[in-house]
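S.K.: 3D, please:
(chains A and B)
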Protein chains: 2
Amino acid sequence: MSDAFAIIMAGGSGTRFWPLSRRDRPKQLLPLGDGDEALLAAAVRRTSELIAPERIFVVTNERLAGPIAKMLPEVPRQNVLAEPVGRNTAPCVAWAAAHVRRIQREGVIAVLPADHHVTDEAAFVETLSRALDAAAHGDMVTVGIQPSRPETGYGYIEVGEPIGEGVHRARRFVEKPNRQRAEQFLAAGNFLWNSGMFFFRADVILDAIATHLPGLGDAVRSFDEAAARGDEASVVAEVYPTLPSVSIDHGVMEKAERVSVVPASFGWSDLGSWTTAWELTARDASDNTLPEGAIAVDTRGCYVRAPAGKVVALVGVRDLVVVDTEDALLIVPRDRAQDVRAVVDALSKRGDERL
Amino acid sequence: MSDAFAIIMAGGSGTRFWPLSRRDRPKQLLPLGDGDEALLAAAVRRTSELIAPERIFVVTNERLAGPIAKMLPEVPRQNVLAEPVGRNTAPCVAWAAAHVRRIQREGVIAVLPADHHVTDEAAFVETLSRALDAAAHGDMVTVGIQPSRPETGYGYIEVGEPIGEGVHRARRFVEKPNRQRAEQFLAAGNFLWNSGMFFFRADVILDAIATHLPGLGDAVRSFDEAAARGDEASVVAEVYPTLPSVSIDHGVMEKAERVSVVPASFGWSDLGSWTTAWELTARDASDNTLPEGAIAVDTRGCYVRAPAGKVVALVGVRDLVVVDTEDALLIVPRDRAQDVRAVVDALSKRGDERL
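M.R.: Have a look, this model is predicted:
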């Protein structure tokens, strides 16, 4: 076990998994891998291989804090931090890092997303360990994923010279590229996908925040002072809505000096859509992922979810995503799964609460 | 109003409309046209334009008799006849015709299916009237539908010389043809689809049954004798299982001498599958039939049914049949809707009650 801390960011409200995902049951609370384990529960479980649950903080919103605390009985209730409003990742990281700094000034922190999928958990733990070691020396560290295709949906990190066993200088962060640039990155060989995982000491990240996002730095100081008075909640409620909505990548990491990257390859996916869920889930001989009791006749490449006990019958269909819930049913070709946004927009426009 | 009688055959247990149709809710009890009216209710309603409900008999099985009586409050309860077992249409017609003969020896009867769809109801009533008139003179009369395509799923009737206004001799009945013969029939111009509607006097059909199906004739006599004793139910229960399973077409009509046919064209369909339901139902500008509240993005030619209040979202799909119920969901391309039998077979094989 490490004596590090973890901050798991679980405030997302992804709409790409509608109709399974809803406002009160976003992606991170759904079991989108194999089996019944929610993505967040899986994230906590694999992190706790290295970091004790009492040192894991989970940051989410007020609506989800109760359900999340219930889902994660091993995490102390006071470690589930509820943001009054979402302000992207920089305020989230700053507030949780402040909690760590109060416990241990130079505490090393792993910042991890709650809604990603990892296939090779042993490799993940090894990467985590390596990145925490690098961060202990005062660097800000990211994990870069070896790309397997010219993906335009991710940011990239250009890898620089090695600075230790399995650790390199990060030359620069690159925003999501177009297809042509993505292909150049893949061909160049020294560009990795930005996994959204970050590692740093509490004092290092909070100093960097004070430098690059001084307003947020001031807010953190007011949180600390309020916490010392036993009055943090009301100050957070007052100050949070005034904070800038900015990502930790853009607001701090890209501007920082000593940033390094740990190249990794542990079957990572950000589970961006139902298509990705199909790719990651166990499939039958006809490339289908079907619920128990389904009947599939001359059917290939389909990803189907349905309530337990419901009989789903597919005859003569190909490459469809079918997601059935009590009150909604989605049918979309697998290669258009990202267009589910159009459905959520339409529901939103008509004020339908079935978001 | 006519002083004729009607026998509506409502014993079918069609599986082609699974999952909406079930053992206890077969096709004739479903609202498969536009609106909420069940096919059987529509059949009774359009028949009662000409024949008073007290003169309408509905023949079904014991399981459905209660629900049907409830659905048709205008039909006297004793006019809903429950066969102890299904034995195709000849015993059904014979038993119901015996009821008519007890009331009026030469009563003219219209035998009508419960599960067909009629678009032009005024034309239907006109045809009904013409066929009843022809039957009053002692002929056995059928209705032949002007074919619109070389359909191989229907039987045909070859039309002979005219014998009255809109009435022809029926030269012969032809079983379902193969494609080539169906095309010849269509080209020849004097072949009509057999609509499964028959018209005759009670005495005429029962005499013909006594001649061509003597065993069934004997059974009818025993039913009449039992009815006179007030003991019909127990005799029917005893005798019915011993009756031959034979259709009125094959067992009597094809062998009878004076058979005539009324050519007609009233937007008739036997509603053979979900594909036909799509053809008959009102469709939107993208050729979709969708439940209220559905969201369709870049979607064409789909027929969708779902429980009230459920949001169905379709993105980028074409020509699908989607039928969603509380406990089952079917997805099949429109041109393969008849393959739903494969699903019902699979459910049956595994002993699933969700038939």
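S.K.: Pull the contacting residues for the residue of the stretch 51-200 of chain A found nearest chain B.
M.R.: Proximity of the stretch 51-200 of chain A to chain B (C-beta to the nearest C-beta) peaks at residue A:153, 18.6 Å away. All C-beta atoms are positioned from the backbone trio N, CA, C, and that covers glycine. Taking C-beta atoms under 8 Å, 6 or more residues apart in numbering or on different chains, we find residue A:153 in contact with A:176, A:272.
S.K.: What score does it have for pLDDT?
M.R.: Per-residue pLDDT puts residue A:153 at 87.
S.K.: Go ahead and flag the most central residue of chain A.
M.R.: residue A:113 (2.6 Å; C-alpha atoms, centre = their mean).
S.K.: I'd guessed that residue sits against residue A:196; true?
M.R.: Yes. Counting by C-beta atoms under 8 Å, residue A:196 is a contact partner of residue A:113 at 5.0 Å.
S.K.: contacting residues for the residue lying closest to residue A:37 once chain neighbours are set aside?
M.R.: Take residue A:37 and drop its neighbours on the chain: the residue closest to it by C-beta to C-beta, 6 or more residues apart in numbering or on different chains is residue A:31, 5.6 Å away. The neighbours of residue A:31, taking C-beta under 8 Å, 6+ apart as the test, are A:37-39.
S.K.: From these, which land in helices?
M.R.: residue A:39 (DSSP state H).
S.K.: where are the low-confidence patches of the stretch 1-150 of chain A?
M.R.: Within the stretch 1-150 of chain A, no stretch falls below the threshold (pLDDT under 70).
S.K.: Kindly recompute the last result at 90.
M.R.: A:1-2, A:12-16, A:22-25, A:32-36 (pLDDT under 90).
S.K.: any chance you could map the strands in it?
M.R.: A:5-9, A:56-61, A:80-83, A:108-113, A:117-118, A:140-145 (DSSP state E, counting those that start in this stretch).
S.K.: of those, which approaches residue A:275 most closely?
M.R.: The closest of the strands of the stretch 1-150 of chain A to residue A:275 is strand A:117-118. By C-beta to C-beta, the value is 12.9 Å.
S.K.: Quickly run through the sheet partners of that closest one, with directions.
M.R.: Taking DSSP bridges as the criterion, strand A:117-118 pairs within the sheet with strand A:268-269 (antiparallel).
S.K.: quick one: contacts of the strand it pairs with?
M.R.: For strand A:268-269, using C-beta under 8 Å, 6+ apart, the contacting residues are A:116-119, A:124, A:145, A:193, A:195, A:276, A:279-280.
S.K.: now swap in stretch A:53-69 and tell me
M.R.: A:3-11, A:13, A:23-24, A:26, A:29, A:40, A:44, A:47-48, A:72, A:74-77, A:79-86, A:92, A:95-96, A:99-100, A:114.
S.K.: first to last residue in that stretch, what's the distance?
M.R.: End-to-end distance of stretch A:53-69: 12 Å, with C-alpha to C-alpha, to the nearest Å as the criterion.
S.K.: Kindly report the residues of chain A close to chain B.
M.R.: Applying C-beta under 8 Å from any C-beta of the partner chain, we find that chain A lies next to chain B at A:18-19, A:295, A:297, A:306, A:309-317, A:320, A:322, A:324, A:327-333, A:336, A:339-340, A:342-343, A:346-347, A:352, A:354.
S.K.: for the residue lying closest to residue A:44 once chain neighbours are set aside, phi and psi?
M.R.: Leaving aside its chain neighbours, residue A:44 sits nearest to residue A:72 (5.6 Å; criterion: C-beta to C-beta, 6+ apart). Phi and psi for residue A:72, reported as degrees, to the nearest 10, are phi -120, psi 70.
S.K.: what's near enough to touch residue A:72?
M.R.: A:40-41, A:44, A:53, A:58, A:80.
S.K.: Which members of the contacts of stretch A:53-69 are positioned in helices?
M.R.: A:40, A:44, A:47, A:92, A:95-96, A:99-100.
S.K.: what would those look like in a markdown table with neighbour count?
M.R.: Putting those into a markdown table (neighbours: other C-beta atoms under 10 Å in any protein chain shown) gives the following:
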| residue | neighbour count |
| --- | --- |
| A:40 | 27 |
| A:44 | 24 |
| A:47 | 21 |
| A:92 | 25 |
| A:95 | 24 |
| A:96 | 25 |
| A:99 | 22 |
| A:100 | 24 |
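S.K.: Quick one: those as a markdown table, columns for distance to residue B:130 too.
M.R.: Output for these, formatted as a markdown table (distance: C-beta to C-beta, whole Å):
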| residue | distance to residue B:130 |
| --- | --- |
| A:40 | 72 |
| A:44 | 78 |
| A:47 | 82 |
| A:92 | 80 |
| A:95 | 85 |
| A:96 | 84 |
| A:99 | 88 |
| A:100 | 91 |
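S.K.: Can you tell me which of those is closest to residue B:222?
M.R.: For the ones in helices among the contacts of stretch A:53-69, the nearest to residue B:222 is residue A:40 (73.7 Å; C-beta to C-beta).
S.K.: And whichever helix or strand residue A:228 is part of, what does it pack against?
M.R.: Under the criterion of DSSP states H and E, residue A:228 resides in helix A:214-229. Helices and strands touching helix A:214-229, by 3 or more C-beta pairs under 8 Å, 6 or more residues apart in numbering or on different chains; DSSP states H and E, are helix A:89-103, helix A:202-212, helix A:232-239.
S.K.: Return the set of buried residues in stretch A:212-224.
M.R.: Using 16 or more other C-beta atoms under 10 Å in any protein chain shown as the test for burial, stretch A:212-224 gives A:212-213, A:216-217, A:219-220, A:223-224.
S.K.: Turn those into JSON lines, columns for pLDDT and distance to residue B:258.
M.R.: Output for the buried residues of stretch A:212-224, formatted as JSON lines (pLDDT from 0 to 100; distance: C-beta to C-beta, whole Å):
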{"residue": "A:212", "pLDDT": "97", "distance to residue B:258": "100"}
{"residue": "A:213", "pLDDT": "97", "distance to residue B:258": "98"}
{"residue": "A:216", "pLDDT": "97", "distance to residue B:258": "98"}
{"residue": "A:217", "pLDDT": "97", "distance to residue B:258": "103"}
{"residue": "A:219", "pLDDT": "98", "distance to residue B:258": "99"}
{"residue": "A:220", "pLDDT": "98", "distance to residue B:258": "101"}
{"residue": "A:223", "pLDDT": "98", "distance to residue B:258": "99"}
{"residue": "A:224", "pLDDT": "98", "distance to residue B:258": "104"}
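S.K.: May I have the secondary structure class of residue A:323?
M.R.: Here residue A:323 is recorded as strand under DSSP: H, G, I helix; E, B strand; the rest coil.
S.K.: Quick check, it in contact with residue A:343.
M.R.: No. Look at residue A:323 against residue A:343 with C-beta under 8 Å: they stay out of range, at 10.8 Å.
S.K.: and for those two, which residues touch both?
M.R.: A:18, A:330.
S.K.: and residue A:287, that one's in a helix?
M.R.: No. Counting by three-state DSSP, residue A:287 is not part of a helix but coil.
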